[in-house]
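Novice: Using only what follows, build the 3D model:
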Amino acid sequence: APVDAGAVTDRSQASLPAKAAAYLALVREAIGNRIRTAIGGDTGAIAAALVTGEERAISREAVEMLRAAGLSHVLAISGLNMVLAAGTFLIGARTLLSFVPGLAERYSVKKIAAVGALLMVFFYILISGGAVSALRSWIMISIMLVALFFDRVSISLRNVALAALVILAWTPSAAAGPGFQMSFAATLALVAGYSRWRDHRRKDRETPRNRGGAGVVSGLAIGTVATSVIGGLATAVYAAAHFNRLPGYGLAANVLTTPLISVLIMPFALFAMLLMPFGLEYYPLVVMGQGLDWMLAVARYVASLDGEWTTGRMGDVQFFLIAFGGILLCVLRTRLALVGAGLIALGASAIVLEPRKERPSIAISEDAQLVGLVAADAIATNRSRPPEFIFSQWQRALAIAAHKAPVDLAAEPDTAAGTSAFLTSARAGVFACRKGTGCAGRSREGWTVAVIEKAESLSFLCGRVDLVVVASRRPSAGCPPGGSLVISTETLRRTGAVEIHAEQEQPGAAPRMRVVSSFSSTERPWQRHRRYDWRTGSFMPQGSPP
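Specialist: Here you go, the predicted structure:
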């Protein structure tokens, strides 16, 4: 009873935004539970993700299958989902209102339906979790619906720019994320393509045509294929840069699943949400689930073709040329747009002609639990079963698939003599691990690398090895100047994951270690938390030793 009273007191003292956020979290959880209960399995988890944005219930196998098939974008609440929901509501409400005698003659039922659609998408963004792609879609669709009130063109590049400015003003760090970049790249390309097609149709209006039923079907088919091609090409460079892979048959998967999403999945998701307050959501969810089952069947088949391309790392210059060229190609309306096409061709040619970037010699994960010795044909790690997510990223980024597991050594007492004998077991290109002591190995340059979990062993290793990785969360002192390079969890907390490259300063001299970190600075507001010291309750100065 006292705990409950305290909780009530804390809840009553919370601010209004905090109370609203807590209430929306409960609503999201309740909606997700009802959807997952009605459908079940991965199908139900995906259905809940399309409505609430909560993806945690989806199995890793299903997520990986959708990624391999080029359908992972379906899980994000983006323009496709929100446009289909808003469009279904707008057309349905307008049709129903037109049946009311005398209403359509007195008032603009289209504008009345637009008001309802505005309220619907506002509720959608509230329960969706507010991801970048969802915010961008909501802002653009809201502008489009408001434009209907003034009989203005609702789809334009200005809407894209306005949505980007609003998101960047609210969350500047979103610009560096793949969600923002891929979402706006696809939207920019689709809006630009639609605008050019609309201008072409205006010029072609003088030629009368009788399209008929076959013409309508062919138009829908061409529109579906064109949307998939434009969206796929626009986001390809960002997918390669951030995820180092491209789905080889992603176009086919998107062409096959877009009709399912447009006809069965999203419209019936909207019907289910409208009927859920009355407890009548079951049958619309069943139809939605059937559409998702067919979508998963397509994804399973496409993923089984094993057509994924591992691109490896992309250079900054090539990425900039292709990305900036794509922007110019979409934004410029005159022949100057050909400059963008030229930049894209130049960037693509540089990727093909330029030799692959030099691989690092050593890779260290952000939590110091995984260390890899990188060779030309394999990555040797200090763990027999490395974390799948992190290690798969290394494999794709470095374009190396093979893995060398560590060699287990017989246990010995954790003494100086035992540690010294442990170091002598270090071999090139593979780790040798002893339980209770750590792992040791040699890089392709001959550097001796030791990975330890007990900070007490550091004093003995200083000067005896080239690199010490301390995986302990306890504070550890560094080595004296001229001793071993020490990278600890405290160091990695500020720098993120690191790579160590071999840098040849003089011909014939031994290479030196060049450390490349994920974050060169922690001065940005969204990185400042990395310098927080929980022991003192304050932020450490930039550049201060850990």
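
Novice: out of everything not next to it in sequence, what's closest to residue 360?
Specialist: In this structure, residue 360 finds its nearest non-sequential neighbour in residue 499, 3.8 Å apart by C-beta to C-beta, 6 or more residues apart in numbering. Just so you know, the C-beta spots here come from the backbone N, C-alpha and C atoms, and that holds for glycine as well.

Novice: Could you point out the helix or strand that follows the helix or strand bottoming out on mean pLDDT in the chain?
Specialist: The weakest-scoring helix or strand in the chain, judged by mean pLDDT, DSSP states H and E, is helix 2-13 (a mean of 47). Per DSSP states H and E, the first helix or strand lying C-terminal to helix 2-13 is helix 16-39.

Novice: Could you list the buried residues of that following helix?
Specialist: 28, 31, 32, 34, 35, 36, 38, 39 (16 or more other C-beta atoms under 10 Å).

Novice: out of everything not next to it in sequence, what's closest to the fifth one?
Specialist: Ranked by C-beta to C-beta, 6+ apart and with sequence neighbours excluded, the top spatial neighbour of residue 35 is residue 48, at 4.3 Å.

Novice: Does residue 465 belong to a helix, a strand or coil?
Specialist: Per DSSP: H, G, I helix; E, B strand; the rest coil, the secondary structure class of residue 465 is coil.

Novice: So it versus residue 346, what's the distance?
Specialist: Distance of residue 465 to residue 346, computed by C-beta to C-beta, to the nearest Å: 45 Å.

Novice: Ok, residue 15 next?
Specialist: Counting by C-beta to C-beta, the gap from residue 15 to residue 346 is 53 Å.

Novice: Neighbour count for those two, which is higher?
Specialist: The residue with more neighbours, out of residue 15 and residue 346, is residue 346; 14 against 8, by other C-beta atoms under 10 Å.

Novice: What's the local residue count around the nearest residue to residue 171 once chain neighbours are set aside?
Specialist: Nearest residue to residue 171, sequence neighbours excluded (C-beta to C-beta, 6+ apart): residue 132, at 7.3 Å. Neighbourhood size, residue 132 [other C-beta under 10 Å]: 22.

Novice: swap in residue 492?
Specialist: The local packing of residue 492 (other C-beta under 10 Å) involves 23 other residues.

Novice: ok, back up a step: give the contact list for the residue nearest to residue 360.
Specialist: Counting by C-beta atoms under 8 Å, 6 or more residues apart in numbering, residue 499 makes contact with 360, 362, 363, 364, 515, 516.

Novice: Which of those has the largest number of neighbours?
Specialist: Busiest of the contacts of residue 499 [other C-beta under 10 Å] is residue 364, holding 27 neighbours.

Novice: Contact partners for that one?
Specialist: By C-beta under 8 Å, 6+ apart, the contact set of residue 364 is 370, 371, 372, 469, 487, 492, 497, 498, 499, 500.

Novice: give the contact list for the last one.
Specialist: Residue 500 makes contacts with 360, 361, 362, 363, 364, 467, 513, 514, 515, 516, as judged by C-beta under 8 Å, 6+ apart.

Novice: Pretty sure the first one sits in a helix.
Specialist: The reference is to residue 360. No: under three-state DSSP, residue 360 falls outside any helix and is assigned coil.

Novice: you'd agree it is up against residue 501?
Specialist: Yes: the criterion here is C-beta atoms under 8 Å, and residue 360 meets it with residue 501 at 5.1 Å.

Novice: Now list whatever residues contact both of those two.
Specialist: Common neighbours of residue 360 and residue 501 (C-beta under 8 Å, 6+ apart) are residue 516.

Novice: can you list contacts of stretch 27-43?
Specialist: Stretch 27-43 is contacted by residues 44-45, 47-48, 51-54, 57-59, 62, 127, 129, 272-273, 276, 281-282, 285-286, 288-289, 292-293, 296 when judged by C-beta under 8 Å, 6+ apart.

Novice: Produce a ChimeraX select command limited to the buried residues of those residues.
Specialist: Command for ChimeraX, covering only those of these found buried under the criterion 16+ other C-beta under 10 Å:
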select :44,45,47,48,51,52,53,54,57,58,62,127,129,272,273,276,281,285,288,289,292,296
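
Novice: So which of the contacts of stretch 27-43 belong to helices?
Specialist: Using DSSP state H, the subset of the contacts of stretch 27-43 located in helices is 44-45, 47-48, 51-52, 62, 127, 272-273, 282, 285-286, 288-289, 292-293, 296.

Novice: how close does the residue nearest to residue 35 get to residue 38?
Specialist: Relative to residue 38, and taking C-beta to C-beta, residue 48 is found at 10 Å.

Novice: ok, and what's touching the helix or strand hosting residue 146?
Specialist: Element membership for residue 146 (DSSP H and E) is helix 132-149. Outside of helix 132-149, the residues within contact range by C-beta under 8 Å, 6+ apart are 53, 76-79, 81-83, 86, 90, 110-111, 114, 117-118, 121-122, 124-125, 128, 153-155, 159-160, 162-164, 166-167, 170-171, 174, 177, 179-180, 183-184, 187.

Novice: From residue 54, how far out is residue 447?
Specialist: From residue 447 to residue 54 the distance is 45 Å (C-beta to C-beta).

Novice: where's residue 287 relative to residue 81, distance?
Specialist: When C-beta to C-beta is applied, the distance between residue 287 and residue 81 equals 16 Å.

Novice: Report the buried residues of stretch 455-473.
Specialist: Neighbour counts over stretch 455-473 (16+ other C-beta under 10 Å) mark 455, 457-458, 460-462, 465-472 as buried.

Novice: Distance across it, terminal residue to terminal residue?
Specialist: 9 Å (C-alpha to C-alpha, to the nearest Å).

Novice: Kindly report the same for stretch 233-253.
Specialist: By C-alpha to C-alpha, the extent of stretch 233-253 from end to end equals 14 Å.

Novice: looking only at pLDDT, what's the mean for it?
Specialist: Per-residue pLDDT values across stretch 233-253 average out to 85.

Novice: Repeat that for stretch 388-396.
Specialist: Across stretch 388-396, pLDDT averages out at 89.

Novice: Show me what the longest helix seen in the chain is packed up against.
Specialist: Assignment by DSSP H gives helix 212-243 as the longest helix of the chain. Under the contact definition 3 or more C-beta pairs under 8 Å, 6 or more residues apart in numbering; DSSP states H and E, helix 212-243 sits against helix 178-203, strand 245-247, helix 250-260, helix 316-331.

Novice: so what does the first one touch, helix or strand wise?
Specialist: Spelled out, it's helix 178-203. helix 79-98, helix 132-149, helix 157-170, helix 212-243, helix 316-331.

Novice: Just put the ones you listed in TSV and tack on distance to residue 385.
Specialist: Output for the helices and strands packed on helix 178-203, formatted as TSV (distance: least, C-beta to C-beta, whole Å):
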stretch	distance to residue 385
helix 79-98	36
helix 132-149	33
helix 157-170	39
helix 212-243	23
helix 316-331	33
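
Novice: between the ones you listed, which gets nearest to residue 309?
Specialist: helix 212-243 (8.5 Å; C-beta to C-beta).

Novice: Just the buried residues of that closest one, please?
Specialist: 224, 227-228, 230-232, 234-243.

Novice: hang on, the earlier thing: out of the buried residues of helix 16-39, the closest to residue 319 would be?
Specialist: Nearest to residue 319, judged by C-beta to C-beta, of the buried residues of helix 16-39 is residue 28 at 35.8 Å.
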